[in-house]
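K.L.:
Pasted the sequence and its predicted model underneath.
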Amino acid sequence: MQRRPLIAGNWKMHTTLTEARALAEAVARSAADVEGRDVMIAPPFTALAEVSLALRGSTVQLAAQNVCWVEQGAFTGEISPVMLSSLGCGAAIVGHSERRHIFGESDALINKRIKGAMALGVMPLFCVGETLEERDGGNTFLVLESQLRLGLADIVCNDPARLIVAYEPVWAIGTGKTATTGQAQEAHAFIRDILASLFEKSVAGQIRILYGGSVNSDNVDILMAEPDVDGALVGGASLKPESFHRIIHFQGKTA
Ligand code: PEP
């Protein structure tokens, strides 16, 4: 079964409105000739409406960098799935390591966000990953399993198009240290096994698992060559139009 590759750019807390518009237009131009793979960008909340307009007529998909679990209410500082949908934004990153480690988001909170987003029609891009200490302590798989089981607790997923998982080793995010292809493949295969224990095997086999952590134009081809690496979640390099152009034109698989 072939999974359609996805390259997603996470702009984090970067870009003014003007910069966001220009960057989105550059991505739309870059993606114009891309076939057999998906391209997505996640600007900051402040730029979502503007970027949505800039992407009109393009195949580039729009994602938010987080999402609340309810439709509306007294949740100061939060953005609901319904608000995102109204902008043409159909996906949201959830559980990014910066949310977990800087803002203290727990597995239970992440689970709420994933559940609410799925129920209200926004596709979560659910991030998991171990710290360097956890890897060095031999606990990578324990950590991944725990984050997956807690983050996806009580979630029914019959449609693989409604969920994306990203393996993002914390030690590789923004550090210039990329996981080796072997480390990435091993973790992705493990994640797929856990997904198969939670959902129907055929569904787990179709859920896309992205790798994130210092992906750039030089390493994207070898990472994408691994059988269980279905795409990339790209931080720093997604802010540079030439780098992101090369990344979305990675050599290899399409579907
Ligand atoms: C990220 O923000 O998810 C990420 C992987 O960042 P970077 O590519 O800069 O390591």
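P.N.:
In hand now; what should we look at? All figures in this text were calculated on a predicted structure; none of them were measured in a lab.
K.L.:
CA only for contacts and neighbour counts going forward, please
P.N.:
Will do.
K.L.:
which residues touch the nearest residue to Gly88 once chain neighbours are set aside?
P.N.:
Of all residues not flanking Gly88 in the chain, Ser52 sits nearest, at 6.5 Å (C-alpha to C-alpha, 6 or more residues apart in numbering). Residues near Ser52 by C-alpha atoms under 8 Å, 6 or more residues apart in numbering: Leu62, Leu87, Gly88, Cys89.
K.L.:
what about 10 Å?
P.N.:
Ser52 is in contact with Arg21, Ala24, Pro43, Ser58, Val60, Gln61, Leu62, Ala63, Leu87, Gly88, Cys89, counting by C-alpha atoms under 10 Å, 6 or more residues apart in numbering.
K.L.:
Am I right that it sits in a helix?
P.N.:
Yes. Counting by DSSP: H, G, I helix; E, B strand; the rest coil, Ser52 falls inside a helix.
K.L.:
gap between it and Asp193?
P.N.:
In this structure, Ser52 lies at 36 Å from Asp193, with C-alpha to C-alpha, to the nearest Å as the measure.
K.L.:
What of Val27?
P.N.:
As it turns out, when the distance is counted by C-alpha to C-alpha, Val27 lies 34 Å from Asp193.
K.L.:
Now the residue positioned nearest the centre of the chain: which helix or strand?
P.N.:
When the chain is reduced to its mean C-alpha position, the closest residue under C-alpha atoms, centre = their mean turns out to be Leu125, at 4.3 Å. Element membership for Leu125 (DSSP states H and E) is strand 123-128.
K.L.:
anything in that strand sitting right up against the ligand?
P.N.:
No. For a cut-off given as C-alpha under 6 Å from any ligand atom, strand 123-128 has no contacts with the ligand; the smallest distance is 8.2 Å.
K.L.:
The helix or strand following that strand: how far from the chain's middle?
P.N.:
Past strand 123-128, further along toward the C-terminus, the next helix or strand under DSSP H and E is helix 132-136. Here helix 132-136 shows a centroid-to-chain-centroid distance of 22 Å under the convention C-alpha atoms, centre = their mean, to the nearest Å.
K.L.:
for helix 132-136, packing partners?
P.N.:
Applying 3 or more C-alpha pairs under 10 Å, 6 or more residues apart in numbering; DSSP states H and E, we find helix 132-136 packed against helix 140-151.
K.L.:
List of residues touching the helix it packs on?
P.N.:
With C-alpha under 10 Å, 6+ apart, helix 140-151 has contacts from 94-95, 106-115, 126-135, 152-153, 155, 165, 167, 169, 186-187, 190-191, 193-195, 197-198.
K.L.:
Just the C-alpha atoms of that helix, please, in PDB.
P.N.:
Provided in PDB are the C-alpha atoms of helix 140-151 (Å, rounded to 0.1, in the frame of the first residue of the first chain):
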ATOM      1  CA  THR A 140      13.400   5.800  23.200                       C
ATOM      2  CA  PHE A 141      10.800   3.100  22.600                       C
ATOM      3  CA  LEU A 142       9.300   3.300  26.100                       C
ATOM      4  CA  VAL A 143       8.900   7.100  25.600                       C
ATOM      5  CA  LEU A 144       7.400   6.800  22.100                       C
ATOM      6  CA  GLU A 145       5.000   4.100  23.200                       C
ATOM      7  CA  SER A 146       3.800   6.000  26.200                       C
ATOM      8  CA  GLN A 147       3.400   9.300  24.200                       C
ATOM      9  CA  LEU A 148       1.400   7.400  21.500                       C
ATOM     10  CA  ARG A 149      -0.800   5.400  23.800                       C
ATOM     11  CA  LEU A 150      -1.600   8.400  26.000                       C
ATOM     12  CA  GLY A 151      -1.900  10.800  23.200                       C
END
